[in-house]
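Fold the following and give me the result.
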Amino acid sequence: MHPSTLLLSLLPAALAQVVGTAPGFASDVTGGGSATPAVPADITELRTWLTDATPRVIMLDKEYDFTGSDGTVTEQGCRPTSNTCPDAGGQDSINGASNWCGSAPALTVTYDKAATEPINLASDKSIVGVGSAGVIRGIGLRVANGAQNVIIQNVHITELNPEYIWGGDAITLVGTDLIWIDHCKFSLIGRQMIVTGYDQAGRVSITNNELDGQTSWSATCNGEHYWTMLFYGANDHVTLAGNYVHDVSGRAPKIGGEGSTAFHAVNNYFKSIGGHSFDIGTGASVLIEGNVFESVTTPITTASASAGGVIFNVPSGTEDQCSSVIGRACVANTVTSSGEFAAYSDTAAMSGFGSLSVFEAGAVGDVASNVASNAGIGKIGN
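Below is the predicted model:
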């Protein structure tokens, strides 16, 4: 008997599928559907199952460690101008896309190769962690080039060359549709925790995740990761709901790009952000409602006011203006011990939601406690 078959036979029925269904814009996602759940024996089998043409429900009941699996690379990188930390304690850089380092001072960098070459998932996959055991270490996941209908639930992705800018992205979506990222955790990532662009990412729901930016290699010299979430897709619809975003310092999230992104940020808990949360530019239409900002230096950048995006963040007294567009009143945000949260009142931010499923906002007074106790791995009851 193959080891993965033996492990499957030991799984109780409660472990045998995705838990729940996707809320928000990606509500039609089915992932691996009713495929028989199975546990990959090792990183080789996991990679094979993620990339083959067979619909699969892949259960992760342990850590899959890709660090060292493709060796290391030693080459010339740089110390970017952003790294002003004492004793070189910030984030240095691999020389990324289009000679990113430019004229920055050169230095030798050694990094793990696997983290810079994500696994390209095929369509119709569900990847589900069991309890709090499902960990993917040292490599990211990429859904691209027409692959679609993927669920990633209850998985911790960690340790992608965190000491280096361009060290690796945890999840990349480009040229895809119908993606649900739920109850995952992201930590110690070199570049973006979640990134879209420049091609279409389509309908995406990002729910109940923990984005943990605590790091020893901070680009902003404050122990917080800067490169959090970047949404630069084309004709995208993104729901960001119920996530715990903490100890980061930027791009939390950054939304814009050459295409158009309809973005609904609802009932998230932004805490201990020693930089900025929302940074919104051309191509973005963003509804920000029912979120909690606690100890956030800059909840939304001042540049967002003139960068070309369309923003509605439910200023006091405007809650009912949502009713004619999404069929209900919006929920105001709560901001405590934080910087200014300027009012943005353009209800056209919701015009791109169309007939898609819109996340039902809960009471903002419950957000901090609910999100802190529910977001991340080991919380789905399997």
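
Buried residues, stretch 326-338. List them.
326, 330-335, 338 (16 or more other CB atoms under 10 Å). C-beta here means a position set from N, CA and C on the backbone, and glycine is covered the same way.

So which of those residues belong to strands?
Those of these mapping onto strands are 334-335, per DSSP state E.

Format the buried residues of stretch 326-338 as CSV; extra columns: distance to residue 280.
As requested, those are arranged in CSV below (distance: CB to CB, whole Å):
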residue, distance to residue 280
326, 19
330, 17
331, 19
332, 18
333, 15
334, 20
335, 17
338, 17
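
Report the two of the buried residues of stretch 326-338 separated the most.
The most widely separated members of those, counting by CB to CB, are 326 and 338 (26.3 Å).

beta partners of the residue most central in space within the chain?
Of all residues in the chain, the one closest to the mean position by CA atoms, centre = their mean is residue 194, 3.4 Å from it. Each beta-bridge partner of residue 194 is listed here: residue 171, residue 229, as defined by DSSP bridges.

Can you give me the distance of it to residue 114?
As defined by CB to CB, to the nearest Å, residue 194 lies at a distance of 19 Å from residue 114.

do residue 42 as well
14 Å.

Between the two, point out the one with more neighbours.
Neighbour totals were compared for residue 42 and residue 114, and residue 114 leads with 24 against 12 (other CB atoms under 10 Å).

residue contacts, that one?
Contacts were defined as CB atoms under 8 Å, 6 or more residues apart in numbering; by that measure residue 114 touches 66-70, 138-139.

and what of residue 161?
With CB under 8 Å, 6+ apart, residue 161 has these contacts: 94, 111-112, 115-116, 167-168, 190.

Tell me which of these fall in strands.
Among the contacts of residue 161, the members falling in strands are 111-112 (criterion: DSSP E).

what's the longest strand in this protein?
For the chain, the longest strand by residue count, based on DSSP E, is strand 269-280.

Just list what that strand packs against, helices and strands only.
Of the remaining helices and strands, those touching strand 269-280 by 3 or more CB pairs under 8 Å, 6 or more residues apart in numbering; DSSP states H and E are strand 244-246, strand 254-255, strand 284-289, strand 292-300, helix 367-374.

That strand versus strand 292-300: what angle between them?
Compare the direction of strand 269-280 with that of strand 292-300 by axes from the mean of the first three to the mean of the last three CA atoms, to 10 degrees and you get 20 degrees.

Could you pull up phi and psi at residue 323?
phi -60, psi -40 (degrees, to the nearest 10).

Model confidence at it, what's the number?
Per-residue confidence for residue 323 comes out at a pLDDT of 97.

count of neighbours near it?
As a burial measure, residue 323 scores 11 neighbours (other CB under 10 Å).

List the contacts of the closest residue to it other than its chain neighbours.
By the measure of CB to CB, 6 or more residues apart in numbering, the closest residue to residue 323 outside its immediate chain neighbours is residue 329, 5.7 Å from it. With contact taken as CB under 8 Å, 6+ apart, residue 329 is in contact with 319-320, 322-323.

ok, and the most crowded of these?
Most crowded among those, counting by other CB under 10 Å, is residue 322 at 22 neighbours.

Just confirm residue 351 is within a helix.
Yes. With the criterion set as DSSP: H, G, I helix; E, B strand; the rest coil, the secondary structure at residue 351 is a helix.

picking that back up, could you report the distance from the residue nearest to residue 323 to residue 317?
Per CB to CB, residue 329 is found 11 Å from residue 317.

swap in residue 218?
Applying CB to CB, one obtains 39 Å for the distance of residue 218 from residue 317.

ok, the two, which is more surrounded?
More neighbours sit around residue 218 than around the other of residue 218 and residue 317, counting by other CB under 10 Å; the figures are 25 against 10.

Around the residue nearest to the more buried one when sequence neighbours are not counted, count how many other residues there are.
Nearest residue to residue 218, sequence neighbours excluded (CB to CB, 6+ apart): residue 224, at 5.4 Å. The number of residues packed around residue 224, counting by other CB under 10 Å, is 22.

With residue 71 instead?
If you count neighbours by other CB under 10 Å, residue 71 ends up with 8.

What of residue 295?
Burial of residue 295 is recorded as 14 neighbouring residues (other CB under 10 Å).

separation between it and residue 332?
Looking at residue 295 against residue 332, where the rule is CB to CB, the gap reads 19 Å.

Tell me how far residue 56 lies from residue 139.
Applying CB to CB, the value for residue 56 to residue 139 is 18 Å.

Compare those two (neighbour count), which wins?
The neighbour comparison of residue 56 against residue 139 (other CB under 10 Å) goes to residue 139, with 28 against 22.
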